[in-house]
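*Asks:* Pasted the sequence and its predicted model underneath.
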Amino acid sequence: MGKHVLLIEDEPNIIEAISFLLNRDGWRVDTHSNGIDAVEVVQAKSPDLVVLDVMLPGKSGYDILRELREGAATSDLPVLVLTARGQSRDREMAERFGASRFMTKPFSNAEVLEVVRELVTP
Amino acid sequence: MLNLLVAVCLAYVAFLFLVAFGAERAAERGRSAFLRSPWVYTLSLSIYCSAWTFYGAVGSAARNGLEYVAIYIGPTIVMVGWWWVLRKIVRIGRQQRITSVADLISSRYGKSNLLAVFVTLLSVIGTTPYIALQLQSVTLSFASFAGEDSAAALPSEQSTAFWVALGLSLFTVVFGTRNLDANERHHGVVMAIAVEAVVKLCALLAVGIFVVWGLGGGIGPVMARINASEIGVWQVNSGRWTGLILVSAAAFLCLPRMFQVLVVENEDESYLRLASWAFPTYLMLMSLFVLPIAVIGLEVVPKGSNPDLFVLTLPLAEGRDGLALLSFLGGFSSATSMVIVASIALSTMVSNHVVMPIWLMMTGGGATVSGDVRHVVLLARRISIVGVVFLGYLYFRMSGGGTALAAIGIVSFAGVAQFLPALLGGIFWRGATRIGAMIGISVGFFVWAYVMFLPSFGVGVALSETIFNEGLFGLSWLRPYALFGIEGLDPLVHAVMWSMGLNLTGFVIGSLVSFPQPLERLQGMQFVNALDDAQNNRGWSVGAAQSEDLMVMSQRILGATQAQKLFQEQAEGQGLAGYLPEPTSEFLQHLERELSGSVGAATAHAMVAQIVGGAMVSVEDLMAVADETAQMMEYSSQLEAKSGELTRTARQLRQANDKLTQLSVQKDAFLSQISHELRTPMTSIRAFSEILRDTEGLTEAEKAKYSSIIHDETLRLTRLLDDLLDLSVLENGLGSLNLAHGRLGDVIDHALVAAGVNGAGQGARLRVTRSLAQESVMIETDLDRLAQVFINLIANVQKYCDAEAPHLDIRTERSGDSVVVDFIDNGSGIPREVQAIIFEKFWRLAEQKAGGAGLGLAICRKIMVRLGGTIFYLPGQGGAAFRVTVPLENVEVGGISALQ
């Protein structure tokens, strides 16, 4: 099964909601809640997909994304960026740093599932 | 006969009026070529030959032989031998726009008006008898002419003199003060006196020819008769001759009327070249027949006749009425031209140096540039002219027209000769000073008055016989004719020797011992070096070169394009191709106006004059330039101040703009932060509500859990909104404080209860110690707001204190007008690097998810500011420590100002 997702998010309730959704959709969900060692965790767990929050304690989601893209193993890894700062500048930043998709909180559960499925096509 | 004489006189005067009027008109129309002839200039110099010379030369020859020649030799020597002195005086006169001999002397000696007044007074004193002499000559000639006609009623001498004086005043006023040119030139007057010069020469020559060939029978016989006559004997008293020549030469330079025609009316320096030989020739012609007329006159005219009138009485005695009439007109011309020019010259001096300074002093000098000054000057001139002429008339009346007048000519000459040392010294000796000039002129004047002028009235008139014989105050060395005990000299020689000698001595010593003022030194340098400046030697005919210089200068001032345009337009206007117009006065005036727009009038004038006139820039010009410069500097410093102000304003604006930009950035960050803080709970709410809605087969436990998450997140949102509104109210200073008196301990009790300390739940774990004794202090403040701060601080301890057994120490202490409350926990505290920013909005300790939006401390600080107190982080207490200071009594602090 190639349906392994790593959720990097610091809000417990949001972690719970997304985990619930993806579990129900048949994903194996790992979570991590701070930015400092997020890149190492991604490299260690090598998921099929990363769902990444931007405002993380310790390190910004964008910095994590840039480091992932610089790493050879993770340069093509699908990354869905979620942010609560819904300004156009954030979308531009996400695109520049190589986000596969970008979504603004609050999101629709159905859309998240749709995007996640699109990003990981067998 | 008398009627004919009057008619001829009137006709002649009318003719002179016409000539003068025509010349003025021609000058106005610019057709003044014939006026600018050196011949006219030369002829105008002939006012030297007044009636005293016209009639008196023959009289003098009849009495004293050839001595009259000395009076002609003086000016001849000046014109031929001293032409370079004349040239220098003329040059200086043009350069400095000198208006009179008084002006020249005062100007040279640092514009001393005292000196000018002195010279003016001296001139008036010296000239008044001379004018009287002219009136007398006209009256006498009129009388002797009319005496032939016994039938007619002879008008009294005095009324004749009166009418002549009136007519002369009128003529002079009309043509002497028509306009107020800076150069003080009077074309009409000069033309009229040139015509008169011709008339008097013709008259004298005609009489002479008649006498030699008509009466004497040709040159040979006349020469024989002259040799036979006792006056033909060449008896030269060398001392007297020297004195006469010296005095007449000096007078030629110093007489106000001579200065007027020589210098002031001079159009062009080069006229001197012609005058230097033509005027001596004129004098020679004037003197040619003097001796024959005198000799023949003594033989023909009855004994007892006045030899002064031989020129007139000789033709009359021979019945040649026509010739006599011509002769009369010659004498009339001599007299009138002298009076006219003398009164113009004197009126200029009187009005410029006496009347105007007094008027300006009386009016405070406030109107120096307004138009009415012109009227005042003109009026002053006119009154002065009439005054001068009638002073002469008065003198004539007083002196009774006696023989005393006959000697007045040479006395007058000797008087004005006193100016000579100061004049010549001034233009050749830089060391000459005002003090020296004052001493020299005054000493010379007083000696002259004492030994020559006053005695000339005769013994017992002005000076008593005692003084003549025993000296002033009985001091024998002060006898007028034997000063310092030197006796046996000719009175003239005596007077000239002492007056001029002491004058010169006083002038030299005074100059040597005194020190010139700066202006005096500057003027002295300009006067002495008048001929040295190479630029000044350029003639007036190098038009193209001047225009080129003007162009170069104008380009610098106006800019190349504008200057070239101006010059081309002007050249076109003159019908010339190219860029160089003739430097006509119209063009120069136009250019000066254009330039003055850029550099100021005085500077423009000085610049143009420097190039065109070859004129040196006068001190007044320099002063005016300095004034302008000062004004410009003033203006420029004002501009500088303004510019500094602008710079300051710009800096303030930049700072304000920076601040606004900063605020805008902060606002963006704030909005971004709020967006995040609002969206985060909404995300959970939306996600779980969709789960509840869309997911089938949820367990009851899951439903309850997810519902309670939604509920909590909703509360969190509400709290956040409350905090934001609270902060907004506090930041804008809105909302009133609910002031009340209360005990501090009650507020802390209330806060602990509200925070859930000592109650059930999470906070119950916290152990609190207090200083209850100090808490009994009464305070006046908004007790609820203060409690809000305390609750926040206690809640923070509950959330963040990471100690195993959390403990909060609330310490209270009075401190002057305030009470200090410290909240100290036993946790790990707040890292030093973030202590400074914990009171900022949305700041939260990292990794601490306590549900707050990070607004709590920000709100606390706002509240404390509002309450007139403070809240700080207190470092070094082990755990986290906050110190709140509350004033015991409320000091109303305005919301907005409190923020700053």
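*Replies:* That came through, no problem.
*Asks:* C-alpha from now on. contacts and neighbour counts both.
*Replies:* Noted.
*Asks:* first to last residue in stretch B:509-526, what's the distance?
*Replies:* Stretch B:509-526 has an end-to-end distance of 22 Å (C-alpha to C-alpha, to the nearest Å).
*Asks:* Outside of that stretch itself, list whatever touches it.
*Replies:* Residues from elsewhere that reach stretch B:509-526, judged by C-alpha atoms under 8 Å, 6 or more residues apart in numbering or on different chains: B:107-111, B:426-427, B:429-437, B:439-440, B:616, B:619.
*Asks:* Stretch B:193-212 now?
*Replies:* B:16, B:40-41, B:43-44, B:46-47, B:54, B:218-219, B:222, B:282, B:285-286, B:288-290, B:292-293, B:296, B:311, B:315, B:323, B:326-327, B:329-331, B:333-334, B:337.
*Asks:* which residues does residue 78 contact?
*Replies:* Here I'm looking at chain A. By C-alpha under 8 Å, 6+ apart, the contact list for A:Pro78 reads A:48-50, A:99-100, A:119-120.
*Asks:* you looked at the wrong chain, it should be chain B
*Replies:* Counting by C-alpha under 8 Å, 6+ apart, B:Val78 has contacts B:86, B:249, B:252.
*Asks:* Now list the buried members of those.
*Replies:* With burial judged by 16 or more other C-alpha atoms under 10 Å in any protein chain shown, the buried subset of the contacts of B:Val78 is B:86, B:249, B:252.
*Asks:* before we move on, back to that, just name the closest of the contacts of B:Val78 to chain A, please.
*Replies:* Nearest to chain A among those is B:Leu86, at 95.1 Å by C-alpha to the nearest C-alpha.
*Asks:* so where does the closest one fall, helix or strand?
*Replies:* B:Leu86 belongs to helix B:83-95 when assigned by DSSP states H and E.
*Asks:* Could I get the buried residue list for that helix?
*Replies:* For helix B:83-95, by 16+ other C-alpha under 10 Å, it's B:83, B:85-95.
*Asks:* which element follows the longest helix seen in chain A toward the C-terminus?
*Replies:* The single longest helix within chain A, with elements called by DSSP state H, is helix A:12-24. Scanning forward in sequence from helix A:12-24 by DSSP H and E, the next helix or strand is strand A:28-32.
*Asks:* In space, what's closest to the residue of chain B found nearest chain A - neighbours in sequence excluded?
*Replies:* Using C-alpha to the nearest C-alpha, the single residue of chain B nearest to chain A is B:Thr683, 4.0 Å away. The shortest distance from B:Thr683 to any non-neighbouring residue, by C-alpha to C-alpha, 6 or more residues apart in numbering or on different chains, is to A:Pro106 (4.0 Å).
*Asks:* before we move on, back to that, out of the contacts of A:Pro78, which are buried?
*Replies:* Here, 16+ other C-alpha under 10 Å leaves A:48-50, A:99-100, A:119 buried among the contacts of A:Pro78.
*Asks:* Double-check that B:Val768 belongs to a strand.
*Replies:* Yes. Assessed with DSSP: H, G, I helix; E, B strand; the rest coil, B:Val768 lies in a strand.
*Asks:* quick one: it and B:Asp809 touch, right?
*Replies:* Yes. Counting by C-alpha atoms under 8 Å, B:Asp809 is a contact partner of B:Val768 at 5.8 Å.
*Asks:* So the residue nearest the centre of chain A: helix, strand or coil?
*Replies:* In chain A, the residue lying closest to the centroid (C-alpha atoms, centre = their mean) is A:Val51, at 1.5 Å. Here A:Val51 is strand, with the state taken from three-state DSSP.
*Asks:* In contact with it, which residues?
*Replies:* Contacts for A:Val51 (C-alpha under 8 Å, 6+ apart) come out as A:5-8, A:79-82.
*Asks:* Run through the bridge partners of it.
*Replies:* Assessed by DSSP bridges, A:Val51 has beta-bridge partners A:Leu7, A:Leu80.
*Asks:* Just the ones of the contacts of A:Pro78 in helices?
*Replies:* If you go by DSSP H, those have A:Leu119 in helices.
*Asks:* Hmm, which of the contacts of A:Pro78 is lowest in pLDDT?
*Replies:* Taking pLDDT as the measure, the contacts of A:Pro78 have their low point at A:Val120 (85).
*Asks:* What's the separation between B:Leu701 and B:Leu720?
*Replies:* Slight slip there: residue B:701 is Ala, not Leu. Look at B:Ala701 and B:Leu720: by C-alpha to C-alpha, they are 28 Å apart.
*Asks:* Closest one of the buried ones among the contacts of A:Pro78 to chain B?
*Replies:* Chain B has its nearest neighbour among these in A:Val50, at 18.6 Å by C-alpha to the nearest C-alpha.
*Asks:* That closest one is in contact with A:Lys3, isn't it?
*Replies:* No. In this structure, A:Val50 is not within contact of A:Lys3 by C-alpha under 8 Å, at 11.1 Å.
*Asks:* neighbour-wise, which of B:Ala701 and B:Leu720 wins?
*Replies:* Ranked by neighbour count (other C-alpha atoms under 10 Å in any protein chain shown), B:Ala701 and B:Leu720 place B:Leu720 first, with 21 against 9.
*Asks:* Please identify the helix or strand for the more buried one.
*Replies:* Assigned by DSSP H and E, B:Leu720 belongs to helix B:700-731.
*Asks:* Now that helix: buried residues?
*Replies:* Within helix B:700-731, the residues that count as buried by 16+ other C-alpha under 10 Å are B:703, B:706-707, B:709-710, B:712-714, B:716-717, B:720-721, B:723-724, B:726-727, B:730-731.
*Asks:* So which of those residues reach chain A?
*Replies:* Residues of those in contact with chain A (C-alpha under 8 Å from any C-alpha of the partner chain): B:Ile709.
*Asks:* Give the burial count for residue 26, as a bare number.
*Replies:* Answering for chain A, as no chain was given. Number of residues near A:Gly26 (other C-alpha under 10 Å) recorded here: 11.
*Asks:* um, chain B though
*Replies:* Look at B:Ala26: counted by other C-alpha under 10 Å, it has 17 neighbours.
*Asks:* Skip ahead from the helix or strand it falls within and say which helix or strand is next.
*Replies:* Using DSSP H and E, B:Ala26 sits in helix B:2-28. Next in sequence after helix B:2-28, counting helices and strands by DSSP H and E, comes helix B:38-44.
*Asks:* Run through who's touching stretch B:684-703.
*Replies:* With contact meaning C-alpha under 8 Å, 6+ apart, stretch B:684-703 is reached by A:13-14, A:17-18, A:21, A:106-109, B:706-707, B:709-710, B:713-714.
*Asks:* tell me the mean pLDDT for it?
*Replies:* Rounded mean pLDDT across stretch B:684-703 is 91.
*Asks:* number of nearby residues for B:Ser736?
*Replies:* Using other C-alpha under 10 Å as the criterion, B:Ser736 is surrounded by 10 other residues.
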